[in-house]
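Asks: no sequence for this one, just the structure:
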């Protein structure tokens with residue numbers, strides 16, 4: 001089901017992006033084919049050895065906003081420009097983008113031929129008498145389907161990130177699964193079960209203390225407390241399977257099932273190993289800083305869930321008759 005949800009969200013995102021791109025194309029939001037006028041403060045002019053102009057492209061803020069129909073630029077734009085004069089047609093202009101470049105041009109570059117610069121053609125250029133400045137008209141390369149490209153690129157990037165994180169989790173998952181298996185084979189589970197008998201009796205009074213469900217629930221809770229998340233899932237399913245064997249009416253959750261689900265969903269944790277591994281894989285400088293807040297948050301959620309389950313199970317509205325259904329008692333036993 002979750003896969004269908006993600007596919008639907010991606011499809012919706014692409015449809016919305018295509019719709020916006022069509023609107024931008026109709027309105028020509030990026031002024032494709034229309035020259036923008038600017039001033040160039042020339043730093044290096046052509047010689048017999050250097051056939052390029054290098055300078056500072058200067059565009060008035062009001063002129064830039066009026067040209068693109070926006071209101072975001074507040075100060076005069078100073079953008080590096082390199083003009084190649086040795087071409088068969090119009091001179092080629094290159095705009096290397098940096099921190100001083102307009103945000104709109106940075107966004108446009110994501111759909112351009114290069115993400116680090118915009119290129120275009122110089123339609124006309126008039127030198128000042130001192131040859132230190134020039135007025136020019138430049139046509140920036142056509143920008144089309146920018147939002148669609150951004151959505152599809154983001155989907156690919158996050159898919160790559162997901163694979164990277166998943167591979168990084170293999171080691172820690174294998175380690176803790178091995179630890180849990182060794183503990184089970186060594187009899188540690190039985191010792192822990194006996195130690196926690198006073199707690200499990202109060203939390204699950206309907207479940208016998210020596211029933212396999214108790215051991216499965218303790219294993220699941222322990223895995224969750226170590227932050228193993230996915231590794232705890234099989235243990236949780238096993239616990240529910242064992243609890244269902246005590247259920248007199250299949251299809252109706254018992255109080256023990258509801259209480260266990262609250263503890264499981266609350267995510268009571270001591271060491272958020274998975275979250276720490278994800279943060280480390282993503283390059284966090286201090287991946288373990290979340291331990292304190294994770295314990296506090298998960299503890300509050302778990303207590304709130306157990307208290308709510310205990311209160312609601314006493315109310316007639318939420319009680320269900322757990323007498324075995326006719327015809328199913330024999331098959332259930």
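Replies: Perfect, I can see it now. Keep in mind that what you see is a predicted model, and the values were worked out from it rather than measured.

Asks: what about the helices in the protein?
Replies: Using DSSP state H, the helices found in the chain span residues 2-27, 61-68, 103-109, 146-185, 188-195, 197-203, 212-225, 233-245, 255-266, 273-281, 291-312, 329-332.

Asks: Distance of the most centrally placed residue in the chain relative to residue 61?
Replies: Residue closest to the mean C-alpha point of the chain, counted by C-alpha atoms, centre = their mean, is residue 158 at 7.1 Å. The gap separating residue 158 from residue 61 is 36 Å, by C-beta to C-beta, to the nearest Å. Just so you know, the C-beta spots here come from the backbone N, C-alpha and C atoms, and that holds for glycine as well.

Asks: show me what contacts the spatially closest residue to residue 257 that is not a sequence neighbour?
Replies: The spatially closest residue to residue 257, leaving aside those adjacent along the chain, is residue 243, at 5.2 Å (C-beta to C-beta, 6 or more residues apart in numbering). Residue 243 sits next to 207, 213, 217, 254, 256, 257, 260 when contact means C-beta atoms under 8 Å, 6 or more residues apart in numbering.

Asks: what's the answer for residue 110, then?
Replies: Residue 110 makes contact with 146, 149, 150, 153 under the criterion C-beta under 8 Å, 6+ apart.

Asks: now swap in residue 197 and tell me
Replies: If you count contacts by C-beta under 8 Å, 6+ apart, residue 197 has them with residue 209.

Asks: and if you look at residue 85?
Replies: For residue 85, the residues meeting the contact criterion (C-beta under 8 Å, 6+ apart) are 46, 51, 52, 53, 91.

Asks: ok, now residue 224?
Replies: By C-beta under 8 Å, 6+ apart, the neighbours of residue 224 are 232, 264, 267, 268, 269.

Asks: Now rank these by neighbours and give me the top one.
Replies: Within these, residue 232 tops the neighbour count with 25 neighbours, counted by other C-beta atoms under 10 Å.

Asks: Which of the contacts of residue 110 ranks first by neighbour count?
Replies: Each of the contacts of residue 110 was scored by neighbour count (other C-beta under 10 Å); the top score is that of residue 146, with 20 neighbours.

Asks: My read is that it contacts residue 109, right?
Replies: No - between residue 146 and residue 109 no contact is recorded; they are 9.7 Å apart, counting by C-beta atoms under 8 Å.

Asks: For the residue with the largest distance to the centre of the chain, give me the pLDDT.
Replies: Going by C-alpha atoms, centre = their mean, the residue of the chain most distant from its centre is residue 129, 55.7 Å out. Taken from the predicted model, the pLDDT recorded for residue 129 is 83.

Asks: and the residue lying closest to residue 220 once chain neighbours are set aside, what does it touch?
Replies: The spatial neighbour of residue 220 that comes closest, neighbours along the chain excluded (C-beta to C-beta, 6+ apart), is residue 235 at 3.9 Å. Contacts of residue 235 were listed using C-beta under 8 Å, 6+ apart, and they are 180, 216, 219, 220, 223.

Asks: out of the residues you listed, which are buried?
Replies: With burial judged by 16 or more other C-beta atoms under 10 Å, the buried subset of the contacts of residue 235 is 180, 216, 219, 220, 223.

Asks: Between those residues, which sits nearest residue 31?
Replies: residue 223 (57.9 Å; C-beta to C-beta).

Asks: you'd agree the closest one is up against residue 238?
Replies: No - if you go by C-beta under 8 Å, residue 223 and residue 238 don't touch, sitting 11.2 Å apart.

Asks: Put together JSON lines for the contacts of residue 85, with distance to residue 14 on each row.
Replies: JSON lines is the format used below for the contacts of residue 85 (distance: C-beta to C-beta, whole Å):
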{"residue": "46", "distance to residue 14": "46"}
{"residue": "51", "distance to residue 14": "44"}
{"residue": "52", "distance to residue 14": "41"}
{"residue": "53", "distance to residue 14": "41"}
{"residue": "91", "distance to residue 14": "38"}
